[in-house]
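Trainee: I would like to see how this sequence folds:
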Amino acid sequence: MIITQARPSDLALLLAFRRETAQWLAGQGIDQWSNPFPEEVLLASIEAGTVFVVHDHGTPAATVTLDNNPEPNLWTPEELAEPCMHLHKLTVARAYAGQGLGGRLLDWAGDRTARAGGQWVRINAWTTNVQLHRFWLNHGYHHVRTVSGGGIGNQGVSGWLAQREALRTVHGLDDRTAG
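Mentor: Residues are numbered from 1 along each chain as shown. The predicted structure follows:
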């Protein structure tokens, strides 16, 4: 599988990934991502070079955003002073679910962060999605705390904070990104 930086022409694909995941979550009784994501925000991230797409023999399989832009009012000033990257919007196409691709992307993110001099890969997850919390914990993330409020719009819906040490590792993805 090959990982590349997303291009503006990938916007429709990335929005479709999100809709597919939101529908699957709704079927699980989870309201995460039930609101449409602002296209202009995603496009700005793509143009900043922080959105990545995994392809399997030309078929889009997953996406992730890895950047230095945490959601507001979640992490302390001391935490923000530590070298880290923030992982957002990890989405695996349902056809590739359950095959370990999400874990490989987490390893890729840790490797990329370590190569850039970062100490931590941090996430903020949907506060009420316990199944998602287990995913993060099972992949070596440590729960830091849960924040009420904070985040985009100060709504606190994604206030479950966790981090994992950034380590150089073999992730098995053919990394064709610029970083």
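Trainee: what secondary structure does Ala114 sit in?
Mentor: Following DSSP: H, G, I helix; E, B strand; the rest coil, the label given to Ala114 is helix.
Trainee: Same question for Phe135.
Mentor: Using three-state DSSP, the structure places Phe135 in helix.
Trainee: for the protein, where's the lowest mean pLDDT among helices and strands?
Mentor: Every helix and strand of the chain was ranked by mean pLDDT, DSSP states H and E. The lowest is helix 11-27, at a mean of 87.
Trainee: Same question for the very next helix or strand once past it: list its buried residues.
Mentor: Next in sequence after helix 11-27, counting helices and strands by DSSP states H and E, comes helix 39-47. Going by neighbour count (16 or more other Cβ atoms under 10 Å), the buried part of helix 39-47 is 42-43, 45-46. Glycine gets a C-beta too; all of them are placed from N, C-alpha and C.
Trainee: centre of the chain versus helix 39-47, how much separation?
Mentor: Offset of helix 39-47 from its chain centre (Cα atoms, centre = their mean, to the nearest Å): 15 Å.
Trainee: Stretch 113-121 too?
Mentor: Stretch 113-121 sits 15 Å away from the centroid of its parent chain (Cα atoms, centre = their mean).
Trainee: That one: end-to-end distance?
Mentor: In stretch 113-121, first residue to last residue: 7 Å (Cα to Cα, to the nearest Å).
Trainee: Same check on stretch 104-123?
Mentor: Criterion Cα to Cα; first-to-last residue distance in stretch 104-123 is 16 Å.
Trainee: and what of stretch 77-97?
Mentor: 36 Å.
Trainee: Quick check, Arg112 in contact with Cys84.
Mentor: No. At 11.9 Å, Arg112 does not count as touching Cys84 under the criterion of Cβ atoms under 8 Å.
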